[in-house]
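Trainee: Have a look; sequence and predicted model below, questions after that.
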Amino acid sequence: MNKHTSTASAATSSAPLPFIDIAAQRQRLGAAVDDAVARVLAHCQFVMGPEVRDFESALASFCGARHVISCASGTDALVMVLMAKGIGPGDAVFCPAFTFCATAEVVALLRATPVFVDVDAATFNIDPHSLARGIDTAKKAGLRPKAVIPVDLFGLPADHDAVAAIAKAEGLFVLDDAAQGFGGTYQSRRVGTLAPATATSFFPAKPLGCYGDGGAVMTDDDALADVIRSVRVHGQGSDKYDNVRVGITGRLDTVQAAILIEKLKIFSDEIAARNRVAARYNDGLRDVAIVPEVPTGYQSVWAQYTLRLKPGRRDALAATLREQGIPTAVYYPKPLHRLEAYRDFPVAANGLPVCDQLAEEVISLPMHPYLDAAAQDRVVSAVRAALRA
Ligand SMILES: Cc1ncc(COP(=O)(O)O)c(C=O)c1O
């Protein structure tokens, strides 16, 4: 996505618009980030310095989780939770197939079996009916159903109450993959508190991103938090050289923590701005495409703004917009069960027709908090003209 991150604001001309404008945020934060990094360079505690703890407690206050364990990436956040839960060979972990590969990658890394589940066409998120079918499929295949990883795709929380009800009945652990959804809310609760454990990513293009790789786990479970903290540092016990389990090097750099402290201060304001952009896009495009409507009781953080088009119209729209300097992206052109690395894993009985359909229909438009009204109008007019042609 880096090629789309230049500062061009040129809303009214045909100058290229950025897809995500990290540079505009950098300008807004200005000296605050420079000073934060300079403080770390001065104290030289580059690993587990004081900013790491400060950031973890600021993030815990923001989302309401009891424990925040920062780490080196969203993928590490997911894998550390599964390691702490002892997930391994013979275990089935249910994942929606319409997501980024990391959701299932962590399951396969631990030699457990990802079982792919369909999604709901309106929300792009895990379909509880398909989850129930996936559990049957896993049992018939002789696997032990152990966990489910709902994903808050494109920034919209999954239907966590529906997932929790099935998980409770089946004894599944729920790990919320909030790499895209951190900052969102569901039934007045913040992402980070919607499941027994939540993993998020601070990859630069995420709604709350750092200037490199980073991630965090959130949980209210004291015992689980202790194990995850141990996994984060090579499975250390009471002493650094007393390793009580197999772990990883999963720590967040102090420099990234210092940057995130500054970014978190403006995050609520940015979430509001993202929601204003999405509302304006929805109003301008509702009659020409299927727009992403947010269900009552949810707030999205709009990691992506994604339209659905009639099959066959996407490439022409992307080409027309590109000529006018408006970038688009397709998340995701192939659902996970169609990818070479994952196509041999089981899928819920009846297949995943909605994932297959969405992969043909979706297209994402520029979305970030610094997209001004003129730029939004430029995008809306160009999409309308192209789809009406
Ligand atoms: C849904 C989802 N899960 C997990 C990840 C992994 O996060 P990271 O890139 O920080 O490892 C991503 C990142 O793109 C993601 O979008």
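Mentor: Cool, got the structure. Numbering: from 1, shown residues only.
Trainee: Next, the contact list for the residue in the stretch 1-150 of the chain positioned nearest to the ligand, please.
Mentor: Scanning the stretch 1-150 of the chain for the residue nearest the ligand gives Gly74, at 2.5 Å (criterion: CB to the nearest ligand atom). C-beta: built from backbone N, CA, C; applies to glycine. Residues near Gly74 by CB atoms under 8 Å, 6 or more residues apart in numbering: 102, 177, 179, 199-203, 206, 215.
Trainee: mind redoing it with 10 Å?
Mentor: With contacts defined as CB atoms under 10 Å, 6 or more residues apart in numbering, Gly74 is in contact with 100, 102-103, 106, 177-180, 182, 199-203, 206, 213-217.
Trainee: And Leu260, by the same measure?
Mentor: Contacts of Leu260 (CB under 10 Å, 6+ apart): 33, 36, 51-52, 54-56, 58-59, 70, 202, 208-211, 214, 216, 252, 267.
Trainee: buried set for the helix or strand hosting Asp283?
Mentor: For Asp283, the element it lies in under DSSP states H and E is helix 267-285. For helix 267-285, burial by neighbour count (16 or more other CB atoms under 10 Å) applies to 267, 270-271, 273-275, 277-278, 280-282, 284-285.
Trainee: which helices and strands sit right next to it?
Mentor: Based on contacts counted as 3 or more CB pairs under 10 Å, 6 or more residues apart in numbering; DSSP states H and E, the elements that helix 267-285 packs against are helix 22-29, helix 50-63, strand 298-299, strand 305-308, strand 362-365, helix 373-388.
Trainee: Let's have these in TSV, adding mean pLDDT.
Mentor: Formatted as TSV, the helices and strands packed on helix 267-285 follow (pLDDT from 0 to 100):
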stretch	mean pLDDT
helix 22-29	94
helix 50-63	98
strand 298-299	98
strand 305-308	98
strand 362-365	98
helix 373-388	96
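Trainee: Tabulate those (TSV), appending distance to the ligand and mean neighbour count.
Mentor: Converted to TSV, the helices and strands packed on helix 267-285 look like this (distance: least, CB to the nearest ligand atom, whole Å; neighbours: other CB atoms under 10 Å):
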stretch	distance to the ligand	mean neighbour count
helix 22-29	15	16
helix 50-63	15	18
strand 298-299	17	19
strand 305-308	13	22
strand 362-365	13	22
helix 373-388	23	17
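Trainee: Tell me which of the ones you listed lies nearest to Glu323.
Mentor: helix 373-388 (9.4 Å; CB to CB).
Trainee: Mind giving me the packing neighbours of that closest one?
Mentor: By 3+ CB pairs under 10 Å, 6+ apart, helix 373-388 packs against helix 267-285, strand 305-308, helix 314-323, strand 362-365.
Trainee: between the ones you listed, which one is nearest to Tyr332?
Mentor: strand 362-365 (7.7 Å).
Trainee: For the closest one, what is the distance to the chain centroid?
Mentor: Averaging C-alpha positions (CA atoms, centre = their mean, to the nearest Å) puts strand 362-365 16 Å from its chain's average.
Trainee: Name the surrounding residues that touch it.
Mentor: So strand 362-365 is contacted by 17, 19, 98, 124, 154, 277-278, 281, 285, 289-290, 292, 303-309, 313-315, 317-318, 321, 326-333, 371, 376, 379-380, 382-383 (CB under 10 Å, 6+ apart).
Trainee: Can I get that strand in CSV, CA atoms only?
Mentor: Presented in CSV, the C-alpha positions along strand 362-365 are these (Å, rounded to 0.1, in the frame of the first residue of the first chain):
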residue,chain,number,x,y,z
VAL,A,362,-15.7,-6.0,-4.0
ILE,A,363,-13.7,-2.9,-4.6
SER,A,364,-12.3,-0.5,-2.0
LEU,A,365,-12.1,3.3,-2.4
